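Chemist: Curious how this folds, go ahead:
(one chain, ligands or ions: 1)
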Amino acid sequence: MLTPTTHARRRRLLAERLPGPVLLLGNGQRARNLPMTKLPFRQDSTFLYFTGCDLPDAAALLIDGRCELFLPAPADDDALWHGHVTTLDAIRDTLGVDAVLPTERLEERLTGLRARTLAVADEGRNVLGSRLCGVPLRFGRDHGDEALMDAVIELRRAKGPDEIEQMRLAAHATHQAYLATIGGTAPGGHERGLWTLFEAVLRLHGLTTGYDTILSQSGEILHNPHHSDALTEGRMVLLDGGGELPSGYGVDITRTWPVSGRFDTRQRAAYAAVLEAQLASIALCTPGRRYREVHDRSCEVLARFLVDEKLIRGSVQEALERHAHALFFPHGVGHLIGLDVHDLEMFGDRPSYPPGVGRPEPFGTCYLRLDLPLQEGWVVTVEPGFYVVPAILHDPALRERFADLVDFEAAERWIGFGGIRIEDDVHVTAAGPDVLTEAVPKGIDELEALIGTGPTPEQRLSV
Ligand SMILES: [Mn+2]
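Modeler: Okay, here's the model as predicted:
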């Protein structure tokens, strides 16, 4: 369980790595269209990590081993409109910080301190932090103090047992949501119904989602935001969704299954190849193993499948050397995960590539989000896929470049196939890969036995 002791320990570890005062900014509450209607609030992950405080417009000053929290004081009429009002002193006791002060005190407290700070997603807060600390702050661009950023990266990247426990809880609720969604799949239903059911089960468990749920029969559109099609015999549903706990920890899971309840011959062959690729890559998630090898292992298995299916004419070796497999697997095999679904990615490639090393150039690998030797305690996703993407297969430049290696006429017969992705979250341990999300079914027989066995969303959600 995460307790005030957990956050105090993290602050101590930060102080040991880094001398001097630190200002941590929380995100602000932003209006949706009127002052009274709000956008969903999500606290900054680093702020959550060191304080456990999920209140909007908070700031924390870490100085000499103390943690002072700054919060907007409750308005006089808060009790009338929002119910019970928690006093600043009560918040101090709950969070186990040394003091909670009204926001108005922040500026005077920081005067002359030269505190280190980091940018957050909320640019309004960056303007404040920039003024108080005298450094440029812009989300995704000007990250703030580099030594602080590196210390945060080092601490947050390696997950402790209490964090793994949180991720297992998120995995458990997401497992229930998957069972309902796969069980509720039947021709005549609708993508929107399945999406609603998935999100509803997560909310019943007290979770939200860590990112926009992808649920589509057009799985070849990698981050497809639509759920607008009726469920159709012969197509496959791709669901990429993960629950997030109030603590901020979440999971990222993908499964693909046939609407009809049976994979057809071609779907079965492609699914088996993606699953084989995923299992082979997961097996490599051990301490010291470079993540690039985890990616390459999936590429090898998929390249062999493409040669077997005569989509690629040359040898597996040649396909890999020229990255021809990336026409059908055009993304990286995964990323770090934790408090953020792409953990720490607000700091760019710094958490996931060696210093001075940029993303590799070739088509496909430029989307590889991580290329470091794995360390004990890290959690990474492993998510190979196979996609038939018209935008790629009809691209004149790619057709010319791969004219001798890829059978584009054969590929044309696959148009309409969609996409398959299988994704799990893997905890790297000395004892071997620990798959936090393995309960969610992914074997062909298991999936086929489950599809259509539950009430459809329309039956389940009707009142
Ligand atoms: Mn992912």
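
Chemist: Give the bridge partners for the closest residue to the ion within the stretch 351-463 of the chain, please.
Modeler: Of all residues in the stretch 351-463 of the chain, the one sitting closest to the ion is residue 381 (4.3 Å; CB to the ion). Yep, even glycine has a C-beta here, placed from its N, CA and C like the rest. Taking DSSP bridges, one finds residue 425 as the beta-bridge partners of residue 381.

Chemist: right, and it touches residue 335 too?
Modeler: Yes: taking CB atoms under 8 Å as the contact criterion, residue 381 and residue 335 are neighbours in contact, 5.7 Å apart.

Chemist: how about residue 78, what does it touch?
Modeler: Under the criterion of CB atoms under 8 Å, 6 or more residues apart in numbering, the neighbours of residue 78 are residue 85.

Chemist: Give me the distance between it and residue 56.
Modeler: Counting by CB to CB, to the nearest Å, the gap between residue 78 and residue 56 amounts to 13 Å.

Chemist: likewise residue 346?
Modeler: With distances taken as CB to CB, residue 346 is found 18 Å from residue 56.

Chemist: which residue is nearest the middle of this structure?
Modeler: Nearest to the mean C-alpha position of the chain, by CA atoms, centre = their mean, lies residue 341 at 2.0 Å.

Chemist: Next, the contact list for that residue, please.
Modeler: 210, 211, 242, 250, 252.

Chemist: at 6 Å what do you get?
Modeler: Residues in contact with residue 341 (CB atoms under 6 Å, 6 or more residues apart in numbering) are 210, 211, 252.

Chemist: so who does the first one touch?
Modeler: For residue 210, the contact set (CB under 6 Å, 6+ apart) comprises 242, 244, 250, 341.

Chemist: If we only consider those, which is nearest to residue 454?
Modeler: Residue 454 lies nearest to residue 242 out of the contacts of residue 210, by CB to CB, at 20.5 Å.

Chemist: Please work out how many residues are found near the closest one.
Modeler: Applying other CB atoms under 10 Å, we find 27 residues neighbouring residue 242.

Chemist: Tell me how far it lies from the ion.
Modeler: In this structure, residue 242 and the ion are 8 Å apart, going by CB to the ion, to the nearest Å.

Chemist: same question, residue 218
Modeler: 18 Å.

Chemist: How many residues are close by the residue lying closest to residue 418 once chain neighbours are set aside?
Modeler: Excluding the flanking residues, the one nearest residue 418 by CB to CB, 6 or more residues apart in numbering is residue 219, at 4.8 Å. As a burial measure, the neighbour count of residue 219 was computed by other CB under 10 Å and equals 26.

Chemist: which residues does residue 219 contact?
Modeler: When contacts are counted by CB under 6 Å, 6+ apart, residue 219 is found next to 238, 418, 419.

Chemist: Assign a three-state SS to the first one, would you?
Modeler: When the structure is reduced to helix, strand and coil (DSSP: H, G, I helix; E, B strand; the rest coil), residue 238 reads as strand.

Chemist: Alright, calling it a day.
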